[in-house]
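Trainee: Got a predicted model here, sequence first, then my questions.
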Amino acid sequence: SGNAWKVRLMASLLGIPLRRHTFSIDRGDLAKPEFLAIAPLGRVPVLELPDGERIAESAAILFYLARDSQWWPENKLEQAQVLSWLSFEQDVHMKPLAHLRLHLALRRDRRPEDPECIQWAREAQVALDLLEGGEQLAAHGVHDVVAVALDDRHQGLELIEDAALLGGEHELDPDRKSVV
């Protein structure tokens, strides 16, 4: 998923290794009781910490990973701007594109000319137009990339995500209360 990709990208930028566990949204894996026991919101990604605690939702995971790094600003206004961008990206940008991908490419249960698809395409175009005119967006929280030392608190992190683009076959391991 795009949301899991954001988490993988941030972890990579920080030099934090992640062990990936994938599920198929189009096969209904995210609605199975075994998955809901791990992720009660029924959504991915979920970050499992070494102590077994879990963090759901990409924005919360990005904050957890980025805090105390060059990727999370110290200034409160800049922090609010980052949160504003994450909210916009999740709700305005990602949502219509995700619906189109899910229904046209994965489930193949809609056609491009269906009213829902036309509406999602319009919403996606509005978001993309905003991004193309994004001089203001670029001004919010752009940071230089610098080397980041690996912090012991990130050892053993596991990322639970969907396999919509990956096509992997994975299953729950009930003994570990994790996803493999």
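Mentor: Received, thanks.

Trainee: Now do the same contact list for Ile118.
Mentor: With contacts defined as CB atoms under 8 Å, 6 or more residues apart in numbering, the neighbours of Ile118 are Pro112. In short, each C-beta sits where N, CA and C put it, glycine included.

Trainee: Using CSV, list the CA coordinates for the strand or helix carrying it.
Mentor: Here Ile118, judged by DSSP states H and E, is contained in helix 115-132. Output of helix 115-132 as CSV, limited to C-alpha atoms (Å, rounded to 0.1, in the frame of the first residue of the first chain):
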residue,chain,number,x,y,z
PRO,A,115,-20.0,7.3,-11.7
GLU,A,116,-17.9,6.4,-8.6
CYS,A,117,-14.8,6.1,-10.7
ILE,A,118,-15.4,9.4,-12.5
GLN,A,119,-15.9,11.1,-9.1
TRP,A,120,-12.7,9.6,-7.7
ALA,A,121,-10.8,10.6,-10.8
ARG,A,122,-12.1,14.2,-10.4
GLU,A,123,-11.0,14.2,-6.8
ALA,A,124,-7.6,12.8,-7.6
GLN,A,125,-7.1,15.4,-10.3
VAL,A,126,-7.9,18.2,-7.9
ALA,A,127,-5.3,16.9,-5.5
LEU,A,128,-2.7,16.5,-8.2
ASP,A,129,-3.4,20.0,-9.5
LEU,A,130,-2.9,21.3,-6.0
LEU,A,131,0.4,19.5,-5.8
GLU,A,132,1.6,20.7,-9.2
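
Trainee: buried sites along it?
Mentor: Along helix 115-132, these residues count as buried under the neighbour rule (16 or more other CB atoms under 10 Å): 117, 120-121, 123-124, 127.

Trainee: between these, which is nearest Ala80?
Mentor: Ala80 has its nearest neighbour among the buried residues of helix 115-132 in Ala127, at 20.4 Å by CB to CB.

Trainee: Leaving out chain neighbours, which residue sits closest to that closest one?
Mentor: Beyond its immediate neighbours in the sequence, the residue positioned closest to Ala127 (CB to CB, 6 or more residues apart in numbering) is His93, lying 4.2 Å away.
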